[in-house]
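Asker: Fold the following, please.
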Amino acid sequence: LIVVDIYMPIVSSTGVSLLQRIMVYASQMEASPCSSHSDFVFSIPFAVRKQLSAILDPGNAWETLAAVMPDINNEDVEACRRARDPESPTEILLTIWGSKGNKVIQLYNLLARMRLVRAMEMIHHLVDPKYHHWEKECVRSRAAIRSATHNGSSESLRNQGHVPIAARLSEQHSCQNASVISTKPPQNLSNATSATSATSEPSGLFTGLQNTPLVRYEEILVATDNFAAENILGRGGYGVVYKGSWKHTQVAVKRIQAKGDSGIEHEKERLRQSLQELRTLAKYRHDNILPLYGYSLDGPEPCLVYQYMANGSLEDRILCRKGTPPLTWAQKRNIAEGSARGLHFLHSIARAPIIHGDVKSANILLDKYLEPKLGDFGLSRDGQVETGPGEKSPLIASHIKGTLAYLPPEFITSKILTTKLDVYSFGVVLLEIGTALRAYVDSREPHSLVDYVVHIQARIGKDPKKMIEVLADRRCPPIDQVDSKCFLQFMRLGFQCSQKDRDLRPTFRTIVDQLAD
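Answerer: Numbering: from 1, shown residues only. A predicted model of the protein is given here:
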């Protein structure tokens, strides 16, 4: 199964890109007033669903399809991910999407956009023959991409309709004071950098990149096998991360992309976040910050190349995903201390602190030695010099962004942005490490981990033995006094960091000192 870049138009002999033609056909289909029962996804025969599952389940290729499906949200994707043998995530996805009134021809259209030819062949007989030529065009486009990737250089990609990100950035810089934002491609991102003007000048971005290698887009395609679905490591709101091999080195490649149905504001935000992450990682280097190897701006979307984290995320290891063994208490302590050092570095390296803004166990990555690295700096921003408790003029964020279970009350209610936002989030992470419980669970009362742990403590009191018995990680229970001390330290610091009053939370200097004690 070969999956190719869905935003890569291949020009046909008529001069119209495959993607453009598919979208025109799609709009014509949606305008058609006649529909029979067999037109709908929910009517796809059982045997055909099984065939689609056999193609899309391996390597989680269904996630690539879900990413461009209108009406599919994160909750739907999570429901598919929770599938356990003999359940098929592809079948669950089709059931969910089919229940929303979508048609087989729409599915065929999406598979064509994704160039999933084998999957198209499975429903070939269920769509009007006048659309069957899409399959042939997909095969031709795949061959053209391979040719451009291996033989044609970036110039051939541009001739096929690409507008490199670097060109868009140049456009943005020259248009920052424009009063109107055009919604016609490729200018639809023309003012995206204005969203970052509060934190950095564009020139500051490029200054920070002077010592970071620029990677050609065709190298990215080769490294990731044309963004093959089986290489997907994970996905976020504005991008997909792929495992790859670049210069005989294992790497992780973040491909910054939005859903196909996203609007201009969504596009602006995804580009703003990619630029912010690029700026922060290029400028600030530390043992506990994810190393940025290079970046690509000459393709249809920006790509960031990172060191590959062999042990996944802290969240993965806490939950023992993919059959990994539970972390020992010594390993947990090392991970907590290293993460705190990285955050202390960000808060203290410059005159004004760098606020990460999205600290959570999923964004603390672990290398092959289980050393922690802070990742995902898309929401990072420059703070302001903090004078101490009761500060009269705190920085106010324009929007609330981040993961709700990790955000402090003052940010949710008043958008107050200080370093204590990161401290609160880290407090939640410490409670996760100690208990191996999720930060938020709908079926748990209270839902949030902070409130749940406070509730349990109020019920059982502060007796250390009861705390260990009721709350300690059951996959790796403390077996001696050293382990027990480690667990109790996580809980005590977790409580301090997640205080509702931000002035009562410690700084990362204090946190590092206590974890190192």
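Asker: what about the stretch 301-450 of the chain, any weak spots by pLDDT?
Answerer: 387-393, 398-400 (pLDDT under 70).
Asker: go again using 50 as the cut-off
Answerer: For the stretch 301-450 of the chain, applying pLDDT under 50 flags no range at all.
Asker: likewise the chain?
Answerer: For the chain, the stretches with pLDDT under 50 are 1-35, 37, 152-163, 167-204.
Asker: Which residue ranges make up the domains of it?
Answerer: Here the domain parsing of the chain from automatic domain parsing is 18-153, 163-174+186-307, 314-516.
Asker: Next, format the ones you listed as a markdown table and append mean neighbour count.
Answerer: Placement of C-beta: from N, CA and C, glycine included. Output for the domains of the chain, formatted as a markdown table (neighbours: other C-beta atoms under 10 Å):
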| stretch | mean neighbour count |
| --- | --- |
| domain 18-153 | 17 |
| domain 163-174+186-307 | 19 |
| domain 314-516 | 18 |
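Asker: any residues touching stretch 324-336, and which ones?
Answerer: Applying C-beta atoms under 8 Å, 6 or more residues apart in numbering, the external contacts of stretch 324-336 come out as 311-312, 314, 316-318, 320, 364, 366, 370-372, 429-430, 433-434, 436, 473, 475-476, 478, 482-483, 486-487, 490, 515.
Asker: quick one: which of these sit in strands?
Answerer: Judged by DSSP state E, the subset of the contacts of stretch 324-336 located in strands is 364, 366, 372.
Asker: Please name the residues that touch the second one.
Answerer: Counting by C-beta under 8 Å, 6+ apart, Leu366 touches 309-314, 317, 335, 372-373.
Asker: That one and Asn334: what is the separation?
Answerer: 10 Å (C-beta to C-beta, to the nearest Å).
Asker: which is the next helix or strand following the helix or strand containing Val241?
Answerer: Assigned by DSSP states H and E, Val241 belongs to strand 239-246. As assigned by DSSP H and E, the chain's next helix or strand after strand 239-246 is strand 249-256.
Asker: what angle separates that next one from strand 239-246?
Answerer: For strand 249-256 against strand 239-246, the angle by axes from the mean of the first three to the mean of the last three C-alpha atoms, to 10 degrees is 150 degrees.
Asker: ok, then the element right after strand 249-256?
Answerer: Later in the chain than strand 249-256, the nearest helix or strand by DSSP H and E is helix 264-283.
Asker: could you give the angle of that next one to strand 249-256?
Answerer: Per the same axes, to 10 degrees, the angle that helix 264-283 makes with strand 249-256 is 150 degrees.
Asker: Quick one: distance of helix 264-283 to the chain centre.
Answerer: 12 Å (C-alpha atoms, centre = their mean, to the nearest Å).
Asker: name the helices or strands packed onto that helix?
Answerer: With contacts defined as 3 or more C-beta pairs under 8 Å, 6 or more residues apart in numbering; DSSP states H and E, helix 264-283 has these neighbours: helix 165-174, helix 202-208, strand 249-256, strand 292-296, strand 303-307.
Asker: what about the residue nearest the centre of the chain, distance to Lys401?
Answerer: With distances taken as C-alpha atoms, centre = their mean, Gly236 lies nearest the centre of the chain, 2.0 Å away. In this view, Gly236 and Lys401 are 12 Å apart by C-beta to C-beta.
Asker: so what sits against both of these two?
Answerer: In contact with both Gly236 and Lys401: no residue, using C-beta under 8 Å, 6+ apart.
Asker: about what we covered before: with distance to Ile355 as extra columns, can I get the contacts of Leu366 in CSV?
Answerer: Below are the contacts of Leu366 laid out as CSV (distance: C-beta to C-beta, whole Å):
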residue, distance to Ile355
Met309, 23
Ala310, 29
Asn311, 26
Gly312, 25
Ser313, 21
Leu314, 20
Arg317, 26
Ile335, 21
Pro372, 19
Lys373, 18
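Asker: Counting only helices, which of the contacts of stretch 324-336 make the cut?
Answerer: 314, 316-318, 429-430, 433-434, 482-483, 486-487, 490, 515 (DSSP state H).
Asker: of all the residues you listed, which two lie farthest apart?
Answerer: Largest separation among the ones in helices among the contacts of stretch 324-336 by C-beta to C-beta: Asp316 and Val482, giving 25.1 Å.
Asker: coming back round to it: and the residue lying closest to the residue nearest to the centre of the chain once chain neighbours are set aside, how far from Gly239?
Answerer: Nearest non-adjacent residue to Gly236, counting by C-beta to C-beta, 6 or more residues apart in numbering: Asp376, 6.9 Å away. To Gly239, Asp376 is 9 Å away according to C-beta to C-beta.
Asker: With Ser313 instead?
Answerer: Following C-beta to C-beta, the distance that separates Ser313 from Gly239 is 15 Å.
Asker: Same question for Ile318.
Answerer: Note on Ile318: its distance to Gly239, by C-beta to C-beta, is 23 Å.
Asker: just Asp71 next, same as before
Answerer: 21 Å.
Asker: doesn't Gly234 fall inside a strand?
Answerer: Yes - according to DSSP: H, G, I helix; E, B strand; the rest coil, Gly234 belongs to a strand.
Asker: List the residues that contact the closest residue to it other than its chain neighbours.
Answerer: Spatial nearest neighbour of Gly234, chain neighbours left out: Val241 (5.0 Å); criterion: C-beta to C-beta, 6+ apart. Residues in contact with Val241 (C-beta under 8 Å, 6+ apart) are 232-235, 252-255.
Asker: give me the element Val68 is part of.
Answerer: Judged by DSSP H and E, Val68 forms part of no helix or strand.
Asker: Cross-check the contact I'm expecting between it and Leu110.
Answerer: Yes - here Val68 reaches Leu110: they are 5.8 Å apart, a contact under C-beta atoms under 8 Å.
Asker: Who are the contact partners of Phe487?
Answerer: Counted by C-beta under 8 Å, 6+ apart, Phe487 has contacts 329, 434, 467-468, 472-473, 478.
Asker: where's it relative to Asn311, distance?
Answerer: 21 Å.
Asker: Pairing partners for the closest residue to Pro213 other than its chain neighbours in the sheet, please.
Answerer: Distance criterion C-beta to C-beta, 6+ apart; nearest residue to Pro213, sequence neighbours excluded, is Gly294 at 4.0 Å. Applying DSSP bridges to Gly294 gives these bridge partners: Val305.
Asker: do you know how far Ile232 is from Gly239?
Answerer: Ile232 is 11 Å from Gly239, by C-beta to C-beta.
Asker: same thing with Glu91?
Answerer: 27 Å.
Asker: Leu395 now?
Answerer: Here the criterion is C-beta to C-beta. By it, Leu395 lies 26 Å from Gly239.
Asker: again with Thr95
Answerer: Using C-beta to C-beta, we find Thr95 at a distance of 27 Å from Gly239.
Asker: now do Pro353
Answerer: Looking at Pro353 against Gly239, where the rule is C-beta to C-beta, the gap reads 26 Å.
Asker: Next: Thr249.
Answerer: Counting by C-beta to C-beta - Thr249 and Gly239 are separated by 21 Å.
Asker: again with Gly402
Answerer: From Gly402 to Gly239 the distance is 16 Å (C-beta to C-beta).
Asker: Also Arg505?
Answerer: Taking C-beta to C-beta, one finds Arg505 at 31 Å from Gly239.
Asker: I'm done for today, thanks for sticking with me.
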